[in-house]
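J.: sequence first, then the predicted structure:
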Amino acid sequence: MVAGNALFFALFTHLAECGERGISDDRIRHALAVQARAGLEVCAGASDELALTGDFDSGVDAYLSMARRKTAVMLSAACQIGAILAGATCHQQDKLAHFGEHLGLAFQIRDDLLPYDDAPGRSGKPDDSDLRNRRPTLPILLALDRADEPDQQTLRHLLTTDTHTRGAQQQLSHLLRRSGALAEARKTADRRPPCQRRRRCTDLVAARPTRRGAEYLAR
């Protein structure tokens with residue numbers, strides 16, 4: 001949280017530097033407006049996430065709406081602000097903002113999959129985070145939709161009790177794999193446009209190091 005707050009305020013330092021380097025006031029004001037709207041959306045998305053706690057009937061659409069506001073909007077703003085300050089056309093700004101949004105959604109889905117990674121602990125995210133947080137991540141929502149009735153009942157029991165043992169986590173992982181939810185969540189992330197059509201968006205970026213970075217993130 002502290003690092004995230006620091007990044008928000010670092011923006012103002014960098015925008016001041018842009019003014020010193022000759023970027024027009026109009027571009028800087030536009031960038032500030034985009035960042036301000038994104039910051040408000042992130043707060044709303046975090047509130048949405050808290051409201052979804054324990055609601056395992058919320059559905060995939062509610063999850064995607066939350067992920068878009070909580071995570072994707074910030075990556076979208078980062079891409080759009082870079083385009084604004086560089087003097088890109090409105091079309092280029094929109095394309096890069098779209099790229100950032102879908103990249104953010106893919107990132108959030110991948111983050112949801114970390115507790116079930118083949119190398120647990122590598123990411124630093126607790127393996128039992130879903131059991132502790134009781135938040136409906138995409139793999140869990142997909143499993144509840146795809147699993148048969150006995151497995152659904154077991155899933156709900158695991159997610160609504162205070163059982164945070166290693167055995168409970170292994171059972172949850174097994175049910176998510178057996179239902180096909182983990183595989184489907186990975187496919188959902190991979191189907192985001194930046195992953196499928198990253199060349200079309202990153203070709204808008206002229207600077208080679210920046211383009212390579214955008215392509216790397218999409219991969």
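T.: Yep, that arrived. Numbers count the residues shown, from 1 in each chain.

J.: can you show me the helices along the protein?
T.: Remark: helices assigned in the chain by DSSP state H are 2-20, 25-51, 60-67, 73-85, 90-113, 129-133, 138-146, 149-160, 166-178, 181-190, 193-196, 198-202, 208-218.

J.: among the ones you listed, which is the most enclosed?
T.: Mean neighbour count (mean count of other Cβ atoms under 10 Å) peaks for helix 73-85 among the helices of the chain, with a mean of 23. C-betas here are computed from N, CA, C, even on glycine.

J.: tilt between that helix and helix 90-113?
T.: For helix 73-85 against helix 90-113, the angle by axes from the mean of the first three to the mean of the last three Cα atoms, to 10 degrees is 150 degrees.

J.: packing partners of helix 73-85?
T.: The elements that helix 73-85 packs onto, with contact taken as 3 or more Cβ pairs under 8 Å, 6 or more residues apart in numbering; DSSP states H and E, are helix 25-51, helix 90-113.

J.: as TSV, those with mean pLDDT and distance to residue 169 would be great.
T.: Converted to TSV, the helices and strands packed on helix 73-85 look like this (pLDDT from 0 to 100; distance: least, Cβ to Cβ, whole Å):
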stretch	mean pLDDT	distance to residue 169
helix 25-51	94	21
helix 90-113	92	14
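
J.: distance to residue 160 added to these, as CSV?
T.: Below are these laid out as CSV (distance: least, Cβ to Cβ, whole Å):
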stretch, distance to residue 160
helix 25-51, 17
helix 90-113, 19
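
J.: ramachandran coordinates for residue 165?
T.: Dihedral pair for residue 165: phi -80, psi 160, per degrees, to the nearest 10.

J.: and it, what pLDDT?
T.: Note on residue 165: pLDDT of 80.

J.: that one: neighbour count?
T.: By other Cβ atoms under 10 Å, 10 other residues sit near residue 165.

J.: measure it to residue 8 for me?
T.: Using Cβ to Cβ, to the nearest Å, residue 165 is found at 38 Å from residue 8.

J.: ok, the closest residue to residue 112 other than its chain neighbours to residue 60 distance?
T.: Nearest residue to residue 112, sequence neighbours excluded (Cβ to Cβ, 6 or more residues apart in numbering): residue 137, at 4.0 Å. Distance, residue 137 to residue 60, by Cβ to Cβ: 11 Å.

J.: please apply the same query to residue 165.
T.: Using Cβ to Cβ, residue 165 is found at 28 Å from residue 60.

J.: ok, residue 53 next?
T.: Per Cβ to Cβ, residue 53 is found 17 Å from residue 60.

J.: who touches stretch 25-37?
T.: Applying Cβ atoms under 8 Å, 6 or more residues apart in numbering, the contact partners of stretch 25-37 are 11, 15, 18-19, 77, 80-81, 84-85, 87.

J.: tell me the least confident of the residues you listed?
T.: Of all the contacts of stretch 25-37, residue 11 has the smallest pLDDT value, namely 85.

J.: tell me the contacts of that residue?
T.: Contacts for residue 11 (Cβ under 8 Å, 6+ apart) come out as residue 35.
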